[in-house]
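K.L.:
For reference, the sequence and a predicted model appear below.
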Amino acid sequence: MIYLDHNATTPVDPAVLDAMLPYFSADFANASSIHTPGQRARAAVETAREQVAALIGAKPQEIVFTSGGTESDNHAIFGVVAQHSVAQAFLPVRHERNPAPTQTRTATNAAPPPHRNVSSNPSSSLANSTSPPSSSFTSSISSTSASPTSHIITSTIEHEAVLNAAQALEQRGVAVTCLPVNRSGLLDPEKLRAAIRPDTVLITVMHANNELGVIQPLAEIGRIAKEHKIPFHTDAVQSAGKIPIDVNALKVDLLTLSAHKLYGPKGVGALYIRTGTKLQQLLYGGHHQRGARPGTENVAAIVGFGKAAELARHSFADDAARISSLRDQLERGLLERIPNTRVNAANAPRTPNTTNILFSGIEGEALVIALDLKGIACSVGAACSSGAIEPSHVLTAIGLSHDEAKSSLRFSLGRHTTAAEIQFALDTIPVAVAQLRALSPTYQKATAVQ
Ligand code: PLP
């Protein structure tokens, strides 16, 4: 199978797997244990924290490991908003039926406070971490609806992890501005500046888009956010390991990473939290990661993430040059061989591995299946929206019609993609497109009158 779906996920690099394996067997200990095996696991986690920090120019203590990109996005967005006036909408509520476990977990064995109100809840700024609250609070969300005193700014082409988090906040009374992008998928920083209000508490704009590969002008957005002293979060899941990232140059305060997009394992990611950035923790539990994200660390996965980050840091310049040349070859070849075809957002700065192509007159999912049968794995868009009836929100946001969006396919190359594979794709895709178009009376009719 020729795998051209690296934006959905990447294979675990063999060196990453080798690094992880001991932590499933000989070095299985809990990284919080004080005995020697535990300390070995702790050291491995801290090495990984350094490796991940180095990939984005951060300090190790600014990295919090999470379960992946979705959790990191949610932590950043809910965490910052909850820090402001609407905190009561997001804090876990007291659960009277479940007090017992709390008594054993706190160092002092003190009884939980009778009622925890908003103002007494600690912030989870990593740099300034406070002791975690009693676990007599369940993870259920209060139904309290907040007054619209907080405002966040995002864009129409964000991943669902951001858009749906923003939507959930909106349902709780937070004002949300979703800025449009142009036909190239780019957000205008001046429009963002104009959208800032006195109550804006967060700007969240993704670095590279998962469907188009378009890279947003983050440094400019970061400068505007800084001028207005507004925390700035970016989802860098699709840019990390593909293009250089420096959190200081980009002036981001919060940044989301996911290991499985950069040849690491699934189910592990990180949130970069700039020193001094205040956000509420989402999970309540032990003291792991200074309380910012409690839960026994998944040592093997974290070690794999660290190794993947290190490999990416050392190889992405070479990878980028080689992969973008193959991607360009694929794009050029398909446009030459197939009429009525165009590259979506072709003129924007894009990640080296991604191309999104509109094949007029075909049903995207039918082409994905046809190519799958011929040995090529690609996608109609985001992995999680594949199979959805609605066309991609990203493609409609750049001005494509419903039909155009449904006729577009994403090919995302990777570190192991070869020239021979691209040649196979160039030989195979035109045949599959021609076969599908031959079955489409609408396409036949439309091209007959041209
Ligand atoms: N953000 C972007 C841009 C993504 O592409 C993805 C995954 O496709 C995510 C967030 C979610 O990451 P994870 O799969 O680690 O939860």
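P.N.:
In hand now; what should we look at?
K.L.:
where along the protein do the helices fall?
P.N.:
14-20, 36-56, 69-82, 100-105, 160-171, 189-195, 218-227, 247-250, 299-337, 364-373, 393-397, 402-406, 419-438, 441-448 (DSSP state H).
K.L.:
The protein against the ligand: which residues are in contact?
P.N.:
Neighbours of the ligand within the chain, by C-beta under 6 Å from any ligand atom: 68-70, 73, 159, 161, 206, 210, 235, 237-238, 258, 260, 269, 382-383. No exception for glycine: its C-beta is placed from N, CA and C like everyone else's.
K.L.:
Now, these that are in strands?
P.N.:
Under the assignment DSSP state E, those contribute 235, 258, 269 to strands.
K.L.:
who wins for neighbours among those?
P.N.:
Compared across these, D235 has the highest neighbour count, 30 neighbours, by other C-beta atoms under 10 Å.
K.L.:
circling back to that earlier point, can you flag the weakest of the helices of the chain by average pLDDT?
P.N.:
Among those, helix 100-105 carries the lowest mean pLDDT, a mean of 30.
K.L.:
hang on, the earlier thing: could you identify which of the helices of the chain is most buried?
P.N.:
Among those, ranked by average contacts under mean count of other C-beta atoms under 10 Å, first place goes to helix 69-82 (a mean of 26).
K.L.:
From the residues of the chain next to the ligand, pick the one nearest K278.
P.N.:
Looking at the residues of the chain next to the ligand and their distance to K278, the nearest is D73, at 17.7 Å (C-beta to C-beta).
K.L.:
Surely I245 and A53 touch.
P.N.:
No - counting by C-beta atoms under 8 Å, I245 does not reach A53; the two are 11.2 Å apart.
K.L.:
mind putting the helices of the chain in TSV, distance to Q280 included?
P.N.:
Listed next are these as TSV, based on distance: least, C-beta to C-beta, whole Å:
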stretch	distance to Q280
helix 14-20	32
helix 36-56	22
helix 69-82	4
helix 100-105	19
helix 160-171	13
helix 189-195	24
helix 218-227	20
helix 247-250	21
helix 299-337	23
helix 364-373	40
helix 393-397	28
helix 402-406	37
helix 419-438	46
helix 441-448	52
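K.L.:
Which one of the ones you listed lies nearest to T351?
P.N.:
Judged by C-beta to C-beta, the one of the helices of the chain that comes nearest to T351 is helix 299-337, at 8.5 Å.
K.L.:
Tell me the gap between that closest one and the middle of its chain.
P.N.:
Distance of helix 299-337 from the chain centroid (C-alpha atoms, centre = their mean, to the nearest Å) equals 17 Å.
K.L.:
do stretch 67-85 as well
P.N.:
Remark: stretch 67-85 is offset 12 Å from the chain centroid, using C-alpha atoms, centre = their mean.
K.L.:
Can you name the residue of the stretch 1-150 of the chain nearest to the ligand?
P.N.:
Using C-beta to the nearest ligand atom, the closest approach of the stretch 1-150 of the chain to the ligand is made by G69 at 2.4 Å.
K.L.:
partners of the nearest residue to that residue once chain neighbours are set aside in the sheet?
P.N.:
Excluding the flanking residues, the one nearest G69 by C-beta to C-beta, 6 or more residues apart in numbering is S258, at 3.5 Å. In this entry, S258 is beta-bridged to G269, by DSSP bridges.
K.L.:
S258 reaches L271, doesn't it?
P.N.:
No - with contact defined as C-beta under 8 Å, S258 and L271 do not form a contacting pair (10.5 Å).
K.L.:
Name the residues contacting each of the two.
P.N.:
S72 (C-beta atoms under 8 Å, 6 or more residues apart in numbering).
K.L.:
What's the local residue count around P217?
P.N.:
What P217 shows, counting by other C-beta under 10 Å, is a neighbour count of 16.
K.L.:
residues in contact with it?
P.N.:
By C-beta under 8 Å, 6+ apart, the contact list for P217 reads 186-187, 189.
K.L.:
what's the closest of the residues you listed to the ligand?
P.N.:
When the contacts of P217 are compared against the ligand (criterion: C-beta to the nearest ligand atom), the nearest one is L187, at 14.7 Å.
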